[in-house]
Structure formats: C-alpha cells, structure tokens
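A structural model of the following input is requested.
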Amino acid sequence: MDYNALAQKLFPEIDKTPDYWEEKYPQRELREGARVTRFAPSPTGFLHFGNLFTCLVSYKTAKDTDGVFYVRVEDTDQKRKVEGAIEVMLKGLSVYGIVPDEGVVAEDTEKGDYAPYYQSRRKEIYQTYAKSLVEQGLAYPCFMTPEELDEIRSAQESESIKGIWGKWAKHRDLTFDEIEEHLKNGEQWTLRLKSPGSTEGKCRFDDLIRGKIEMPENVQDVVLLKSDGIPTYHFAHAVDDHLMRTTHVMRGDEWIASVPIHLQLFRVLGFKPPKYAHVAPIMKEENGGKRKLSKRKDPEAKVTYYAEQGFPKESVTEYIMTLANSNFEDWRRVNQNENIDKFPVNLKKMSVSGALFDMVKLTDVSKNVICKMSAEKVFSLSYEWAKEYCSELAKLYEQDTERATAILNIDRENKKPRKDIAKWSDIPEYISYMYDETFVPCYELTGNATPALAVKVLEKYKDTVNLDDDKDTWFGRIKDMCESVGCTPNVKEFKQNPEAFEGHVGDVSTIIRVALTGRTNTPDLYSITALLGADRVQKRIDNALSHYKEEA
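Got it, this is the predicted structure:
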C-alpha cells in the first residue's frame with residue numbers, strides 16, 4: 001500500500017504538515033511546574049453546578065502554579081448549538097471570579113496565541129494530523145453504511161468487546177485499488193484509527209484524584225473524522241490539548257472509560273498526554289440513598305439559581321471549596337480572614353465517590369460569609385440583587401439608603417455578629433418590621449408576659465421612652481420600670497421567688513419588642529427603636545395597647 005498516495009487521495013486540499021502546526025503553536029514559556037488547564041464546554045445549554053465545581057478546581061489548579069487557564073469551545077456538532085449559550089456560561093463563570101487568561105473570552109471573541117479556540121474553526125488542523133496518520137499507515141477510510149453498522153451492533157449484543165475491531169473492521173485492510181473504487185462510486189467514508197491495541201494489552205495510568213488505574217487496552221478502530229470531515233471528540237481533544245499545550249485535564253469521571261482510547265491516540269500521534277484528574281459527580285441525598293445532582297429535578301443544579309436566590313459569589317465559592325478539598329474547613333478556621341485565593345487546592349484530597357451537595361451546609365457557610373461583611377457591602381450587593389430580582393426591596397432601600405444601611409448594620413459590628421442572613425432573598429422578611437409598608441403586627445407573647453402585664457408595661461414605656469437616650473440610659477429606664485409593673489429587674493431574683501413577681505426584665509423587653517416588631521427575637525432592640533423613630537414607636541405602642549386591652 002502506498003500510504004502517501006492514499007493520504008493525498010483522501011486529503012488533496014491539505015498542503016501543511018504537522019511540523020507547521022507544531023511551529024505555529026510552540027511550547028509555552030512558563031516556569032517549571034506551571035499547569036495549563038482548560039474549560040471546554042459545548043454550546044448546548046446552561047452552566048451546571050457540576051461544571052462550575054470542576055471549572056473552579058481547574059482554574060485554581062492553574063492559578064496556584066502561575067499557569068494558564070483557557071476556554072476552548074467544542075462546537076463541532078453544529079446541529080446541537082444553542083445561540084448565546086457560551087455567553088451565558090462565560091458570564092456565569094465570571095460571577096465566581098473565573099476569568100480565562102486566553103481562549104474564548106466572549107461570544108465569538110478570542111484572545112491568545114493558540115487560536116482559534118473554537119473547534120469548528122480548526123478543521124484544517126485536524127485534517128493535517130489525520131492525513132499524517134494515513135501516511136504512516138495508522139488510519140484508514142471506512143465505507144461501511146449506517147445499515148451495516150446497525151447489523152454489527154446487533155451481532156455484538158452478546159460480545160464482551162463492542163465496536164469496529166478484529167473481524168468487524170471490514171475495511172481495515174482494503175487495497176489502494178479497492179479504496180479508489182469506493183471513492184469513484186461516490187461512497188461516503190469515515191476515517192478510522194488502525195488501533196495497535198490487543199485484547200491482552202493493558203492501559204495503565206495515574207489519575208490525579210483516584211490514583212493508579214488499570215484497564216483493558218483499546219482495540220477499537222474508533223472514528224477520527226466523520227463523513228463530513230469533522231473530527232470526533234476523541235480525536236479533536238487529543239490534537240487540541242497537545243497544540244494548546246494543556247498539562248492537566250479536569251473532567252467528569254464518566255470519561256474514565258475513554259482513557260484507553262485517548263492515551264492510545266496521544267501515543268500514535270506522537271504526543272505527550274496531559275495528566276488526567278477525573279472528578280466524581282456532585283451527589284444529593286434522596287430517600288436514604290444518593291443520586292447525582294440533576295438538572296431536571298434540582299433547581300440548585302443550575303448555576304443561575306444562586307444568583308436568583310441571592311447567594312453572594314463569595315459564599316458559593318467558599319462552599320465549593322468545602323466540597324472540593326477535605327482540608328479546606330481546617331484551613332479556614334486557621335485563616336479566618338484570609339482571601340480564599342490563598343488556599344492551595346490539592347487534587348489528591350478530592351472525593352472519589354462524589355461530594356454531597358447540602359443546602360443546609362451552603363446556608364451555614366453563607367451566613368458566616370455575610371456576617372463578616374460590612375453593612376455598606378451588604379447593602380450594595382443586596383441592592384444590586386434587588387434591582388434585578390426584588391423590586392419591592394429596591395423601592396424600600398431607595399426611600400433612604402443611609403437608613404437602609406443602618407438597619408443592615410444592627411448587631412453587625414459586634415465581636416459575634418448575628419447570622420440571620422444567608423442570602424439576599426432573606427432580607428425582605430428580615431427587615432420587614434422596619435418599614436410600615438411591610439410590617440405585619442403579631443401580638444403573641446412568650447415567657448411570663450400576659451396581655452394584662454403588656455398593658456401595664458406599654459402604658460409605662462409610652463411615657464418613658466426617649467429616643468435621645470444612649471443605650472445604657474435607655475435600658476436603665478426599662479429596668480427602672482420593672483418594679484412599677486410588678487416585675488423584677490433581676491432575672492435571678494425571679495427564678496428564686498417567681499410567685500413574688502409577674503415577670504422579670506426579659507419579659508418587659510419582650511413585650512416592647514413584640515409591640516414594635518411583631519417578633520420575640522430580633523437584633524438589638526435599642527437600635528431598632530432608634531431607627532424606627534419616635535412617631536412610629538408611639539403609633540405601634542398605641543396599636544399594641546389597643547389589642548392587649550381587648551384581650552386583658
């Protein structure tokens with residue numbers, strides 16, 4: 001077989017050699033140990049939480065080593081392309097601080113010396129390497145029809161190894177004349193790898209997450225180019241990862257089964273393969289078991305869900321790190337105020353069975369993140385969220401932005417700030433009692449408080465309250481009220497002799513709190529009173545008094 005003649009017959013328009021592309025895309029000039037990683041989405045849908053998880057690990061792997069993170073779009077299947085999908089994905093990543101150093105940086109916008117980064121624009125490159133494989137006798141045209149392939153699939157139902165190999169590879173050893181005859185007849189062909197594998201051979205590799213793995217060697221003559229000349233994922237990713245000088249590939253563990261094919265392709269192409277880290281899927285508990293986080297069943301599978309709910313990007317990133325590395329929480333305890341970028345991701349500390357998504361844990365993480373933010377930052381971020389997702393909150397804020405910021409600052413600058421807010425969508429309910437438009441009175445009392453005691457306390461407080469008082473003076477007035485309403489300012493004294501009193505200072509405070517806020521648990525009551533203002537305070541006390549007088 002004259003393989004050079006066959007290669008020219010199959011690819012007459014290809015006049016470049018692999019050496020041309022090797023020179024065009026040389027080795028990167030990076031420091032030793034720097035890692036080059038990528039995100040390679042298909043433009044077919046939204047950004048899944050699992051994508052974000054894997055992508056963040058990939059991004060951190062590059063950044064922690066002063067390497068390069070790039071985006072390559074795998075759009076060879078144009079029929080499945082969704083307009084605007086890449087823009088949505090890139091914006092979704094940028095929200096969480098993942099901005100590519102090069103590659104596709106916006107829809108139809110590329111940056112970097114290894115362009116094009118759209119696979120649909122790299123057809124000449126793939127065909128150059130395909131032609132080279134034919135010249136070396138490592139690939140061949142296959143003229144089998146879809147009907148013939150269906151017959152083979154049916155015949156192989158009971159076979160342990162499926163696909164085109166061995167006796168099933170009918171066109172592997174066609175002569176030049178036979179190939180020429182097929183071409184003259186206008187028959188469509190695909191280009192297949194002439195696999196050098198054997199059924200006794202083993203594929204061994206060291207997965208960066210799972211450790212050493214051994215699998216049967218690939219024996220299939222896999223398709224390299226489809227009948228339209230477009231490469232399969234297997235072939236395209238090998239060429240691209242080599243020419244873009246990718247050193248580490250983070251991808252879902254569903255690709256482990258394809259590793260024998262991929263490593264074989266790198267070998268026959270003469271490339272050094274990247275190191276693979278196969279990431280287990282994010283799991284979710286259900287009915288006592290576990291299943292994969294599902295984009296059909298779980299709203300939290302869609303990355304936009306977190307923006308809609310108002311989880312700050314810092315919270316989501318922090319939570320992802322708890323899923324990614326088992327030692328992150330220990331690191332955070334020691335480095336409470338350190339930027340998360342300082343945390344070194346360790347691939348060997350990633351779960352091999354799949355991290356468990358836990359909304360309760362995310363909520364707790366987010367409360368810790370938000371409680372450390374300044375009131376100004378909480379206001380700014382929640383206002384931006386409200387303008388897009390909650391116009392009612394935005395309108396409340398806009399009445400008086402300084403007052404809104406002060407409301408958010410109540411109990412925020414303490415040594416142990418409150419953790420009432422997990423996401424911006426919690427804020428409307430959290431601050432509702434501070435605005436007349438959203439205040440819902442509720443006069444249910446707890447502890448020793450009764451309607452009769454409430455009447456006495458509120459009538460006394462109405463005449464006592466002075467918003468010009470400082471906090472100590474204000475609370476001193478409440479304690480001084482206790483005796484005149486049959487209560488004690490000393491909780492310990494009440495516990496020792498409860499029959500002697502109607503209640504204690506805590507009950508008095510609860511009555512005032514309920515009258516002003518409709519709640520028994522709120523942040524600092526003094527600060528709330530000051531921000532409500534004298535007119536609101538008096539009006540709410542009057543309304544509460546009317547209610548309790550009817551009940552007493």
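
ok so residue 204 is a strand residue?
Yes: Residue 204: assigned to a strand according to DSSP: H, G, I helix; E, B strand; the rest coil.

pLDDT value on the nearest residue to it once chain neighbours are set aside, please?
Once flanking residues are discounted, residue 204 sits nearest to residue 214: 5.0 Å by CB to CB, 6 or more residues apart in numbering. C-betas here are computed from N, CA, C, even on glycine. If you check residue 214, the pLDDT there is 98.

now do the SS call for residue 214.
Of the three states, residue 214 takes strand under three-state DSSP.

how far away is it from residue 267?
Going from residue 214 to residue 267 by CB to CB, to the nearest Å gives 16 Å.

higher neighbour count, those two?
residue 267 (13 against 8; other CB atoms under 10 Å).

what's the helix or strand encompassing the more buried one in contact with?
Element membership of residue 267, judged by DSSP states H and E, is helix 259-269. Contacts of helix 259-269 with the rest of the structure, by CB atoms under 8 Å, 6 or more residues apart in numbering, involve 129, 133, 138, 193, 195-197, 203, 205, 213, 215-218, 220, 222, 234-235, 237-239, 242, 272-273, 276.

of those, just the buried ones, ChimeraX syntax please.
A single ChimeraX command selects the buried members of those (16 or more other CB atoms under 10 Å):
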select :129,133,138,193,195,197,203,205,217,218,220,222,234,235,237,238,239,242,273,276
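
so which of the contacts of helix 259-269 are in helices?
129, 133, 234, 235, 237, 238, 239, 242 (DSSP state H).

is it true that the first one touches residue 236?
In this case it means residue 129. No: with contact defined as CB atoms under 8 Å, residue 129 does not reach residue 236; the gap is 10.0 Å.

just the C-alpha atoms of stretch 379-399, please, in CSV.
Listed next in CSV are the C-alpha coordinates belonging to stretch 379-399 (Å, rounded to 0.1, in the frame of the first residue of the first chain):
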residue,chain,number,x,y,z
PHE,A,379,-26.4,47.0,51.2
SER,A,380,-24.5,47.4,47.9
LEU,A,381,-24.7,43.7,46.9
SER,A,382,-28.3,43.2,48.1
TYR,A,383,-29.4,46.4,46.3
GLU,A,384,-27.9,45.2,43.0
TRP,A,385,-29.7,41.9,43.5
ALA,A,386,-32.9,43.6,44.4
LYS,A,387,-32.9,45.8,41.3
GLU,A,388,-33.0,42.6,39.2
TYR,A,389,-34.9,40.2,41.3
CYS,A,390,-36.9,42.0,44.0
SER,A,391,-38.2,45.5,43.1
GLU,A,392,-40.1,45.7,46.4
LEU,A,393,-36.9,45.6,48.4
ALA,A,394,-35.2,48.0,46.0
LYS,A,395,-38.0,50.5,46.5
LEU,A,396,-37.7,50.3,50.3
TYR,A,397,-34.0,50.9,50.0
GLU,A,398,-34.4,53.9,47.8
GLN,A,399,-36.6,55.7,50.3
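
quick check: the residue nearest to residue 204 vs residue 203, distance?
The value you get for residue 214 to residue 203, if CB to CB is used, is 7 Å.

quick check: mean pLDDT of the longest helix seen in the chain?
In the chain, assigned by DSSP H, the helix with the most residues is helix 534-551. Average pLDDT, helix 534-551: 96.

let me know whether residue 128 touches residue 15 as I believe.
No: Residue 128 is beyond contact range of residue 15, at 9.0 Å (criterion: CB under 8 Å).

so these two - more neighbours on which side?
residue 128 (20 against 10).

for that one, list the residues it contacts.
Counting by CB under 8 Å, 6+ apart, residue 128 makes contact with 14, 16, 17, 18, 20, 21.

measure it to residue 21 for me?
6 Å.

quick one: the strands in the stretch 251-400 of the chain?
For the stretch 251-400 of the chain, the strands defined by DSSP state E, counting those that start in this stretch cover 275-279, 283-286, 289-292.

most neighbours per residue, which of those?
Among these, strand 275-279 has the highest mean neighbour count (mean count of other CB atoms under 10 Å), at a mean of 21.

export it to CSV, keeping only CA atoms.
Taking C-alpha atoms only, strand 275-279 is exported to CSV below (Å, rounded to 0.1, in the frame of the first residue of the first chain):
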residue,chain,number,x,y,z
LYS,A,275,-2.3,14.4,33.3
TYR,A,276,-6.0,13.4,34.0
ALA,A,277,-8.0,14.2,37.1
HIS,A,278,-11.4,12.6,36.9
VAL,A,279,-13.9,14.4,39.1
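
other residues contacting that strand?
Contacts of strand 275-279 (CB under 8 Å, 6+ apart): 53-54, 57, 205-210, 247-253, 255-256, 259, 347, 350.

filter these to the buried ones?
Those of the contacts of strand 275-279 that meet the buried threshold are 53-54, 57, 205, 207-210, 247-251, 253, 255-256, 259, 347, 350, by 16+ other CB under 10 Å.

just the ones of those in helices?
53, 54, 57, 259.

ok so, going back, format the strands of the stretch 251-400 of the chain as CSV; extra columns: distance to residue 362 and mean pLDDT.
Shown next, in CSV, are the strands of the stretch 251-400 of the chain (distance: least, CB to CB, whole Å; pLDDT from 0 to 100):
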stretch, distance to residue 362, mean pLDDT
strand 275-279, 19, 97
strand 283-286, 12, 92
strand 289-292, 17, 92
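
what's around the nearest residue to residue 187 once chain neighbours are set aside, how many residues?
Spatial nearest neighbour of residue 187, chain neighbours left out: residue 143 (4.8 Å); criterion: CB to CB, 6+ apart. Neighbour count of residue 143, defined by other CB under 10 Å: 19.

one more: residue 192?
22.

quick check: chain neighbours aside, which residue is closest to it?
The shortest distance from residue 192 to any non-neighbouring residue, by CB to CB, 6+ apart, is to residue 221 (4.2 Å).

contact partners for the one you found?
140, 142, 163, 164, 165, 169, 172, 192, 193, 194, 195.

give me that answer again for 7 Å
For residue 221, the contacting residues are 164, 165, 169, 172, 192, 193, 194, 195, by CB atoms under 7 Å, 6 or more residues apart in numbering.

and if you look at residue 537?
465, 516, 529.

give me the distance between it and residue 474.
In terms of CB to CB, residue 537 sits 12 Å off from residue 474.

before we move on, the earlier item: by neighbours, which of the contacts of residue 537 wins?
residue 516 (24 neighbours).

mind telling me what element that one is part of?
helix 505-517.

which element follows that helix toward the C-terminus?
helix 525-532.

so which elements touch that next one?
helix 401-409, helix 471-484, helix 505-517 (3 or more CB pairs under 7 Å, 6 or more residues apart in numbering; DSSP states H and E).

touching stretch 502-522 from outside, list them.
Under CB under 7 Å, 6+ apart, the answer for stretch 502-522 is 433, 439-443, 445-449, 453-454, 457-458, 461, 478-479, 481-482, 485-491, 494, 525, 528-529, 532, 537, 540-541, 544.

quick check on the residues you listed: which are buried?
For these, buried by 16+ other CB under 10 Å: 433, 439, 443, 445, 448-449, 453-454, 457-458, 461, 478, 481-482, 485, 487-489, 494, 525, 528-529, 532, 537, 540-541, 544.

show me where the stretch 251-400 of the chain has its helices.
259-269, 304-309, 313-324, 328-334, 359-371, 375-389, 391-399 (DSSP state H, counting those that start in this stretch).

including distance to residue 294 and mean pLDDT, could these go into JSON lines?
Converted to JSON lines, those look like this (distance: least, CB to CB, whole Å; pLDDT from 0 to 100):
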{"stretch": "helix 259-269", "distance to residue 294": "25", "mean pLDDT": "98"}
{"stretch": "helix 304-309", "distance to residue 294": "13", "mean pLDDT": "95"}
{"stretch": "helix 313-324", "distance to residue 294": "17", "mean pLDDT": "97"}
{"stretch": "helix 328-334", "distance to residue 294": "25", "mean pLDDT": "96"}
{"stretch": "helix 359-371", "distance to residue 294": "14", "mean pLDDT": "97"}
{"stretch": "helix 375-389", "distance to residue 294": "24", "mean pLDDT": "98"}
{"stretch": "helix 391-399", "distance to residue 294": "31", "mean pLDDT": "98"}
